[in-house]
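K.L.:
for reference, the sequence and a predicted model appear below.
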Amino acid sequence: MPTGADTSAGDDPTEGSVRSVNDLTAHWARIAVGPGEGRGIVFSAAAVWPLLALLAAGADGPARAELRAVAGLPGTADAAGRGRWLVETLRAAGGVDAAVGLWTRRGVPVRPVWEARLPDGVRGELTGDPERDGRALGAWASGHTGGIVTSMPVPPGTDLALVLAAALALRTEWTTPFSDGRLTPETGPWRGRRLVGLHRTTGDLDAVRVAPDTPAGPLTVAEVRGDNGLDAHLLLGAEGAAGADVLAAGPGVLAGDHVTVPGSALPYGTPGPGVTVSDAAGRDGRPVLVTSTVRFTLRAEHDLLARPETFGLRTAVDRSTGHFPGVSPLPLAVSSALQHAVAAFGARGFEAAAVTAFGMAPAGVPTGRSRRVSVRFTRPYGFLAVHRETGLILAAGWVTEPDEAPDRPR
């Protein structure tokens with residue numbers, strides 16, 4: 001068996017894997033959103049984590065230890081098995097497309113024992129022609145994201161020996177659609193702007209919850225359910241709360257790490273960020289939840305090597321020696337790690353996609369009363385797209401630039 005190959009048997013891949021992905025989401029949020037109000041961003045740890053696990057299965061030395069630590073893999077865990085399990089679990093989920101692809105340059109050998117444990121997918125060859133390879137890799141990315149992401153995030157180069165990529169796409173339609181309208185916030189960073197507003201009224205008060213005590217302070221979470229087991233959770237913190245802290249606290253709230261109060265039990269008044277509880281008139285005693293938010297589209301590109309320690313890649317990028325003897329007998333180091341991500345939230349549904357690619361190059365060479373609950377997301381807020389059955393966070397983001405409303409026709 002080649003040094004560095006991870007072929008542990010008997011490991012339960014479900015144990016801890018979802019939490020590990022969600023923990024990486026929270027950690028990445030602190031970096032991606034930035035200080036203060038933060039910037040609009042979208043990213044997917046679920047489109048990175050399987051690659052980290054698969055690389056860990058073929059790594060040795062410090063690179064192996066760093067990758068396993070970031071991926072939350074205990075010493076006895078089958079890294080390749082868990083990476084494969086996650087991809088296969090996503091493929092089986094309604095509304096989700098997930099894929100892993102491997103491309104190698106001619107003459108670069110791959111260990112059969114490692115390749116055999118990858119999820120089923122494309123095995124291709126790099127020709128060394130940047131234009132030709134770019135078209136082939138881009139077609140794969142586009143095909144597995146429904147055209148949402150159209151290029152492979154890997155820089156072409158003559159020393160590119162191997163590309164390991166993951167694609168993830170998700171789509172859902174709301175079980176209760178929103179109505180398009182206008183929304184002009186009266187306070188906050190969006191004050192006075194004419195935005196495309198989304199509004200709906202339902203009877204499920206408990207679709208909104210308030211977590212009064214999180215590391216980010218009080219947090220309001222509104223669940224928007226999709227028709228295929230995919231949901232969006234909108235996150236609003238107190239005015240002045242740092243966007244990075246709000247988004248990073250979200251996974252812990254969804255995991256039950258913090259006490260939450262459901263809408264049906266919230267006191268009258270303003271019990272949470274953006275929430276007002278009052279009497280409803282003319283509803284025959286029925287409870288009412290009114291949700292208002294904004295339409296948005298986000299696009300982002302991430303260079304994972306800008307902070308390699310976040311993704312367990314500090315040692316793996318050192319090209320003075322190889323780190324993946326379980327992947328190939330050719331000494332290899334990570335030369336690039338990039339992600340392209342897109343998310344769109346509208347009146348009828350939500351879609352998001354991400355493609356992550358790791359490029360590898362040769363190493364060892366230079367180089368009683370009716371209750372009315374209203375919640376308004378009328379200033380920057382976060383979102384988490386979640387696979388309902390497993391609780392796996394598939395995409396996360398922070399909204400700072402909603403869509404502007406068009407001028408009214410004259």
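P.N.:
Arrived safely, thanks for sending. Only a predicted model underlies this, so the values are computations on that prediction, with no experimental measurement involved.

K.L.:
quick one: contacts of whichever helix or strand Gly138 is part of?
P.N.:
In this structure, Gly138 sits in helix 130-143 according to DSSP states H and E. Residues from elsewhere that reach helix 130-143 (C-beta atoms under 8 Å, 6 or more residues apart in numbering): 99, 101, 103, 122, 124, 126-127, 149-152, 154, 156-157, 163, 165, 167, 340, 355, 357. Where you see a C-beta, it was placed from the backbone N, CA and C, and this is true even at glycine.

K.L.:
in ChimeraX, how would I select just the buried ones from the residues you listed?
P.N.:
Buried members of these, defined by 16 or more other C-beta atoms under 10 Å, are picked up in ChimeraX with:
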select :99,101,103,122,126,149,152,154,156,163,165,167,340,355,357
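
K.L.:
before we move on, back to that, which element follows the helix holding Gly138 toward the C-terminus?
P.N.:
Downstream of helix 130-143 (by DSSP H and E), the next one is strand 162-173.

K.L.:
what packs against that next one?
P.N.:
Packed against strand 162-173 by the contact rule (3 or more C-beta pairs under 8 Å, 6 or more residues apart in numbering; DSSP states H and E) you find helix 49-58, strand 96-105, helix 130-143, strand 230-237, strand 349-362, strand 392-399.

K.L.:
mind putting those into a markdown table with distance to Gly274?
P.N.:
As requested, the helices and strands packed on strand 162-173 are arranged in a markdown table below (distance: least, C-beta to C-beta, whole Å):
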| stretch | distance to Gly274 |
| --- | --- |
| helix 49-58 | 31 |
| strand 96-105 | 30 |
| helix 130-143 | 37 |
| strand 230-237 | 5 |
| strand 349-362 | 19 |
| strand 392-399 | 13 |
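
K.L.:
any chance of the ones you listed in a markdown table, plus mean pLDDT and distance to Phe296?
P.N.:
Listed next are the helices and strands packed on strand 162-173 as a markdown table, based on pLDDT from 0 to 100; distance: least, C-beta to C-beta, whole Å:
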| stretch | mean pLDDT | distance to Phe296 |
| --- | --- | --- |
| helix 49-58 | 97 | 25 |
| strand 96-105 | 96 | 21 |
| helix 130-143 | 94 | 22 |
| strand 230-237 | 97 | 11 |
| strand 349-362 | 97 | 10 |
| strand 392-399 | 93 | 5 |
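
K.L.:
mean neighbour count, those: which tops it?
P.N.:
helix 49-58 (a mean of 30; mean count of other C-beta atoms under 10 Å).

K.L.:
stretch 322-335: which residues count as buried?
P.N.:
So, applying 16+ other C-beta under 10 Å, buried residues of stretch 322-335: 322-328, 330-335.

K.L.:
distance from the chain centre to that stretch, please.
P.N.:
Distance, stretch centre to chain centre, for stretch 322-335: 28 Å (C-alpha atoms, centre = their mean, to the nearest Å).

K.L.:
show me what the mean pLDDT comes to for it.
P.N.:
Stretch 322-335 shows a mean pLDDT of 96.

K.L.:
residues making contact with that stretch?
P.N.:
2-6, 55, 57-61, 63-64, 108-111, 113-114, 157, 159-162, 305, 313, 315-319, 321, 358-364.

K.L.:
and the end-to-end length of it?
P.N.:
12 Å (C-alpha to C-alpha, to the nearest Å).

K.L.:
residue ranges with poor pLDDT in this protein?
P.N.:
Under the criterion of pLDDT under 70, the regions of the chain flagged as low confidence span 1-15, 281-283, 365-369, 408-410.

K.L.:
for it, what spans make up the helices?
P.N.:
Ranges of helices in the chain, per DSSP state H, are 17-32, 49-58, 61-70, 79-92, 112-115, 130-143, 243-254.

K.L.:
just the C-alpha atoms of the fifth one, please, in CSV.
P.N.:
Think helix 112-115. Below are the C-alpha coordinates for helix 112-115, written out as CSV (Å, rounded to 0.1, in the frame of the first residue of the first chain):
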residue,chain,number,x,y,z
PRO,A,112,-5.3,3.1,-8.4
VAL,A,113,-6.2,2.5,-4.7
TRP,A,114,-6.8,6.3,-4.3
GLU,A,115,-8.6,6.8,-7.6
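
K.L.:
Ala211 and Leu219 touch, don't they?
P.N.:
Yes: assessed by C-beta atoms under 8 Å, Ala211 is found in contact with Leu219 at 4.5 Å.

K.L.:
what's the burial count for Glu173?
P.N.:
15 (other C-beta atoms under 10 Å).

K.L.:
residues in contact with it?
P.N.:
Residues near Glu173 by C-beta under 8 Å, 6+ apart: Gly226, Asp227, Asn228, Arg348, Gly349.
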